[in-house]
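>>> dropping the sequence and predicted coords here.
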Amino acid sequence: MEKRFRTLLVLSALILIAAGYIVQVSEEPDTVNETSQPSDSPQQASIGYIGCSNTKQTVWGYHMVSGANIWAVNGRRLHDYDGGAVADWVEDGNKFWDAFDEYLKGSPKTTKIWWQLCIRQDEADMTYDDTVPIIEAVRKRIPNVTIYVSPLAEYTENVCEITGVEGIERAKSLAQEIDSRNEDIAAGPVLGPLSLAEITTEEEDRCHLNERGMRMLGEQMKQFFDNSGSIPAAENVPEGPPAEEFSAEEQVWRNRVEAAMAPAPCPDAPKPEYPQSYYQGPLTDTHLHIPAIPDWPPEGDDLPKDQAPEGRFGGPQALLGWNVKVSDIACTIKLEGTRKDFAFFPVYEEMPEQLLEIWNRTMSEYPEQFTPFIMSSGNDDEPDGFPTVNAEALREMLSPYPGLFKGYGEIGLYARENGGSPELPPDAPRLIEIYPIARQNNLVVYFHLGEGHKDNFEKILGQNPDINFIWHGDQLSANEVEDILSKHPNAYYGVDAFWGHDQDLFHLFVGESKAAYLEKMEADFNIVLRYALDDWKSVIKRHPDQFIWGIDRGDAVWNYDLDVGQMQVKLARAFIGQLDPAVQEKFAYKNAERLLSGR
């Protein structure tokens, strides 16, 4: 299901339809679009922090406004301070201190700690003595440290249900006492106050910051720690100017990149339990399409989310940073129970710099979730176009971040529907020029073959025995697949046709209604499973080292929802559990690992 998202023409019409709506609606202050700070390890940062989720949000806001001296928030550890009230930091060696130690290891020049006192309403009777173990734990880790202590920001128009009034007031008095009783502790920034305009409405507790709130407190932190000046009043805090000057067009692209990388909540969820007959081990999805950021006019970014353009197969199109974020996809992968998923990262000639930056930052923040493939689709929506860029363009795309990508693909070599590009056989001159680049960069090649491509493909497999090739699709029969695998050890086949020979089920998977898909999949689960076993069980047994599993998701935005991922994983585990025990782990993840290690 290789795809190239084109949105300009569709969105032009949608923008005109929605124009009246857009001009009447003011910016929604409760929408959190937390801009990501640089993902590089903050080796020069000299100020660490202790606290709770609000503390991390405040530090995130500090980096949004170009603060430079405090530890950056690591996207992979975005929620490791969640629930970190003062009482939870008392015991040294728990998960909060483990996270702290990881940050400290990455910032060896740390000499100062900002400690924000987060106190729950039912813990407002805590005393100074309760805080001493925390102070000693910091001193033990950082000799001659200076600690700056602050309470949580006050709320002027509501009461945070977690702290109540009591928790905020106790934090204020306790911060003063800690300061007065210790020479190496000083009063930190007194942040806020926070009005409803700075608080997200997405949570019932009304405690956490929206983007405006993060920027406001971030500016106050920057004034205190970077500028050594007085903290500005809340009403005078700017919305957060960019770190550098951009043209209007550049700012639009900058905003889209940051929106794609914005964090999202990833709450803990119960690990799914499966019947004993299901495969229970590790699982790698080798077919995951990641959407691109939109390339529509600037007005498109303000469209209501229920006006998503239609995807290639009719469902609401996924657009990175607009209706789904990298953090959303990473969360789904984590909770559904897959790992190191082969992620097809699109890179288009119209916006290579922006997309490459996103993928580089993605791999910095989520190295355990994704294995990056460069999906360098060409102008495949044009009659005289191609499904991939040429060799020169691909080489240029690979050059900014050497070693970032582990594979090239998925590239669909079939003829595009609706007047798009014609088929591109595996031995076409354009691809012949690309194979040396794959070899030079140690890339696995992933194809979706077209009709009648068997002989062309075998020719290329024979000419490039040192390159591993994966392909998928129903253009070749199971017998033809097996014939290729029998003759070419560098060929691997991806099994992802879990539709039970029912094209209606496939079209539901990429269509408008998630509920309709899940309902039919649940009803037909055993039928789909039986068809998959009939088609592939015996073939996989005969070629246990050359088959891999994948979902092939990514057209409709709801394909990335957790319940959809869990349904696909459930079906895969049921299928793998029926394979020969000697084959199960190979098909589930070991073949995927081996073909990458053998690049």
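Perfect, I can see it now.
>>> C-terminal to the worst-scoring helix or strand of the chain on mean pLDDT, what's the next element?
Least confident helix or strand of the chain, by mean pLDDT, DSSP states H and E, is helix 8-24 with a mean of 38. As assigned by DSSP states H and E, the chain's next helix or strand after helix 8-24 is strand 47-50.
>>> I'd like the mean pLDDT over whichever helix or strand comes after that following strand, please.
Under the assignment DSSP H and E, the closest C-terminal helix or strand after strand 47-50 is helix 53-64. Averaging pLDDT along helix 53-64 gives 91.
>>> same check on stretch 531-542?
For stretch 531-542, the per-residue pLDDT averages 95.
>>> go on, stretch 514-525?
For stretch 514-525, the per-residue pLDDT averages 94.
>>> quick check: buried residues in it?
Using 16 or more other Cβ atoms under 10 Å as the burial criterion, the residues of stretch 514-525 that qualify are 514, 517-518, 520-521, 524-525. For the C-beta atoms, the positions are set from N, CA and C on the backbone; glycine is no exception.
>>> can I get that stretch as PDB, trimmed to CA atoms?
Written as PDB, here are the backbone C-alpha positions of stretch 514-525 (Å, rounded to 0.1, in the frame of the first residue of the first chain):
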ATOM      1  CA  LYS A 514     -13.200   2.800  12.400                       C
ATOM      2  CA  ALA A 515     -16.200   1.400  14.100                       C
ATOM      3  CA  ALA A 516     -17.400  -0.400  11.000                       C
ATOM      4  CA  TYR A 517     -13.900  -2.000  10.500                       C
ATOM      5  CA  LEU A 518     -13.600  -3.200  14.100                       C
ATOM      6  CA  GLU A 519     -17.100  -4.600  14.100                       C
ATOM      7  CA  LYS A 520     -16.600  -6.600  10.900                       C
ATOM      8  CA  MET A 521     -13.100  -7.700  11.900                       C
ATOM      9  CA  GLU A 522     -14.400  -9.000  15.300                       C
ATOM     10  CA  ALA A 523     -17.200 -10.800  13.600                       C
ATOM     11  CA  ASP A 524     -15.000 -12.400  10.900                       C
ATOM     12  CA  PHE A 525     -11.900 -12.900  13.000                       C
END
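>>> contacts for it, please.
500, 502, 504-505, 508-509, 511, 528, 556, 558, 561, 563-564, 567, 571, 574 (Cβ atoms under 8 Å, 6 or more residues apart in numbering).
>>> let's see it at 7 Å
500, 505, 508-509, 558, 561, 563-564, 567, 571 (Cβ atoms under 7 Å, 6 or more residues apart in numbering).
>>> ditto for stretch 171-186
Residues contacting stretch 171-186 (Cβ under 7 Å, 6+ apart): 117, 119, 128, 131, 135, 145-152, 187.
>>> dump these to CSV, plus neighbour count, distance to residue 66 and secondary structure.
CSV is the format used below for the contacts of stretch 171-186 (neighbours: other Cβ atoms under 10 Å; distance: Cβ to Cβ, whole Å; DSSP: H, G, I helix; E, B strand; the rest coil):
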residue, neighbour count, distance to residue 66, secondary structure
117, 28, 27, strand
119, 26, 31, coil
128, 14, 36, helix
131, 23, 32, helix
135, 20, 31, helix
145, 17, 25, coil
146, 14, 23, strand
147, 22, 25, strand
148, 20, 20, strand
149, 24, 25, strand
150, 24, 21, strand
151, 24, 25, strand
152, 26, 24, coil
187, 13, 25, strand
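>>> for residue 199, state which of the contacts of stretch 514-525 is nearest.
Closest approach to residue 199 among those (Cβ to Cβ): residue 561, at 26.6 Å.
>>> what's the local residue count around the closest one?
18 (other Cβ atoms under 10 Å).
>>> what does residue 188 give?
Neighbour tally, residue 188, other Cβ under 10 Å: 23.
>>> and what of the one 10 residues further on?
By the criterion of other Cβ under 10 Å, residue 198 has 25 neighbours.
>>> helix, strand or coil for the closest residue to it other than its chain neighbours?
Distances taken as Cβ to Cβ, 6 or more residues apart in numbering place residue 213 nearest to residue 198, at 3.1 Å, with adjacent residues excluded. Each residue gets one of three states, and residue 213 gets helix by DSSP: H, G, I helix; E, B strand; the rest coil.
>>> might you report the residue contacts of residue 213?
By Cβ under 7 Å, 6+ apart, the residues touching residue 213 are 194, 198-199.
>>> now those as JSON lines including distance to residue 262 and secondary structure?
JSON lines is the format used below for these (distance: Cβ to Cβ, whole Å; DSSP: H, G, I helix; E, B strand; the rest coil):
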{"residue": "194", "distance to residue 262": "20", "secondary structure": "strand"}
{"residue": "198", "distance to residue 262": "17", "secondary structure": "helix"}
{"residue": "199", "distance to residue 262": "18", "secondary structure": "strand"}
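>>> of the residues you listed, closest to residue 87?
residue 194 (22.8 Å).
>>> residue 310 and residue 317 touch, don't they?
Yes: at 6.4 Å, residue 310 counts as touching residue 317 under the criterion of Cβ atoms under 7 Å.
>>> those two: who's more crowded?
The neighbour comparison of residue 310 against residue 317 (other Cβ under 10 Å) goes to residue 317, with 24 against 14.
>>> against residue 300, how distant is that one?
According to Cβ to Cβ, to the nearest Å, residue 317 and residue 300 sit 12 Å apart.
>>> likewise for residue 345?
22 Å.
>>> what does residue 285 give?
Residue 285 is 30 Å from residue 300, by Cβ to Cβ.
>>> okay if I get the contacts of stretch 171-186 as TSV plus pLDDT?
Output for the contacts of stretch 171-186, formatted as TSV (pLDDT from 0 to 100):
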residue	pLDDT
117	97
119	96
128	94
131	96
135	96
145	94
146	95
147	96
148	96
149	96
150	96
151	96
152	95
187	92
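>>> tell me the one among those residues nearest to residue 166.
Closest approach between the contacts of stretch 171-186 and residue 166, by Cβ to Cβ: residue 119, at 8.1 Å.
>>> list the residues that contact the closest one.
Per Cβ under 7 Å, 6+ apart, neighbours of residue 119: 85-86, 126, 163, 167, 170-171.
>>> residues near residue 359, how many?
The local packing of residue 359 (other Cβ under 10 Å) involves 23 other residues.
>>> right, and it touches residue 344 too?
No: the criterion here is Cβ under 7 Å, and residue 359 misses it with residue 344 at 10.5 Å.
>>> how many other residues sit next to residue 271?
Residues near residue 271, counting by other Cβ under 10 Å, number 8.
>>> the one 3 residues further on too?
Residue neighbour count, defined by other Cβ under 10 Å, stands at 15 for residue 274.
>>> which one's more surrounded, residue 285 and residue 300?
Taking neighbours as other Cβ under 10 Å, residue 285 and residue 300 compare with residue 285 leading, 29 against 22.
>>> assign that one to helix, strand or coil.
Relying on three-state DSSP, one would call residue 285 coil.
>>> for it, give me its contacts.
338, 341, 550-551.
>>> which residues of this structure score low on pLDDT?
Across the chain, the ranges flagged by pLDDT under 70 are 1-44, 74-78, 202-203, 228-245, 598-599.
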